[in-house]
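>>> Next input, structure requested:
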Amino acid sequence: MAFLKGTKLNSILFGKCPVCQNESMYKQSNPYILSQTLDMHERCAHCNTKYKIEPSFFYGAMYVSYPVGIMFASIAFAITYFFIGATLVNTFLAIVGTMIVFLPIIMRLSRNIWINFFMTYDKTKDQLADS
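A predicted model of the protein is given here:
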C-alpha cells in the first residue's frame, strides 16, 4: 500500500503516525488483545510527535466512534437483510454480533480519525526519519 503513503487514509487505516507515517501509534499491532487495544506509544520514535496532545485528548474520539459504529451496523444490516434475506430478528442479532466483534477495530479507527483531524503528514519529517 505504498501508494497511500502521505495520505490521511494511510494513517487512519493502518494506525500510523499522522505526521511521518513510519511507525504504528499502538504498542500492540493486534487490536484483539483487549488489555492492550488502546495502549499507545507516548511519542513517535521517528519524528518525535507527541500523540496525546493534551490530557483526555482522545475523549473526542467518542464522537467519531458513533458514526463509525453506525457504518459497521449499516453494512451488517445490508448484508444480512438484503443479500442473505434474514428475518429482522436475525438481522438485529447480526448487527449486535458485528458491533461486539468489531468493537476493538471501531475504537482504534475512531482514535485514528480523531488524531488525523489535528495533525497532518509532513514530508520533511518523513525524510528525516529515513536518513
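>>> switch to C-alpha atoms for all contacts and neighbour counts from now on
Will do.
>>> any idea how far residue 90 is from residue 99?
14 Å (C-alpha to C-alpha, to the nearest Å).
>>> Name the nearest residue to the most far-flung residue of the chain relative to its centre, ignoring sequence neighbours.
Distance from the C-alpha centroid of the chain, by C-alpha atoms, centre = their mean, peaks at residue 87 (31.4 Å). Spatial nearest neighbour of residue 87, chain neighbours left out: residue 81 (6.8 Å); criterion: C-alpha to C-alpha, 6 or more residues apart in numbering.
>>> returning to what we had before: neighbour count: residue 90 and residue 99, which is higher?
Just comparing residue 90 and residue 99: by other C-alpha atoms under 10 Å the higher neighbour count belongs to residue 99, 18 against 14.
>>> so that one makes contact with residue 69?
Yes - using C-alpha atoms under 8 Å, residue 99 is in contact with residue 69, at 7.1 Å.
>>> okay, and the common contacts of these two?
By C-alpha atoms under 8 Å, 6 or more residues apart in numbering, residue 99 and residue 69 have no common neighbours.
>>> Is it correct that the residue farthest from the centre of the chain is in contact with residue 93?
No - in this structure, residue 87 is not within contact of residue 93 by C-alpha under 8 Å, at 9.9 Å.
>>> What values do phi and psi take at the residue most central in space within the chain?
The centroid of the chain falls nearest to residue 109 when counting by C-alpha atoms, centre = their mean (1.8 Å). Geometry field for residue 109 lists phi and psi as phi -60, psi -40, criterion degrees, to the nearest 10.
>>> Could I get the average pLDDT for stretch 57-76?
Mean pLDDT, stretch 57-76: 96.
>>> Using PDB, write out every CA atom in that stretch.
C-alpha atoms of stretch 57-76 as PDB (Å, rounded to 0.1, in the frame of the first residue of the first chain):
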ATOM      1  CA  PHE A  57      -7.300  14.300  24.200                       C
ATOM      2  CA  PHE A  58      -8.800  11.000  22.900                       C
ATOM      3  CA  TYR A  59     -12.200  11.600  24.600                       C
ATOM      4  CA  GLY A  60     -13.100  13.400  21.400                       C
ATOM      5  CA  ALA A  61     -12.800  10.000  19.600                       C
ATOM      6  CA  MET A  62     -16.100   9.000  21.300                       C
ATOM      7  CA  TYR A  63     -17.800  11.500  19.000                       C
ATOM      8  CA  VAL A  64     -16.100   9.800  16.000                       C
ATOM      9  CA  SER A  65     -16.900   6.300  17.200                       C
ATOM     10  CA  TYR A  66     -20.700   6.800  16.800                       C
ATOM     11  CA  PRO A  67     -20.700   7.300  13.000                       C
ATOM     12  CA  VAL A  68     -18.000   4.700  12.600                       C
ATOM     13  CA  GLY A  69     -20.200   2.200  14.600                       C
ATOM     14  CA  ILE A  70     -23.300   3.300  12.500                       C
ATOM     15  CA  MET A  71     -21.300   2.500   9.300                       C
ATOM     16  CA  PHE A  72     -20.400  -1.000  10.600                       C
ATOM     17  CA  ALA A  73     -24.000  -1.600  11.700                       C
ATOM     18  CA  SER A  74     -25.400  -0.400   8.400                       C
ATOM     19  CA  ILE A  75     -23.100  -2.700   6.400                       C
ATOM     20  CA  ALA A  76     -24.200  -5.700   8.700                       C
END
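>>> With that, I have no additional questions.
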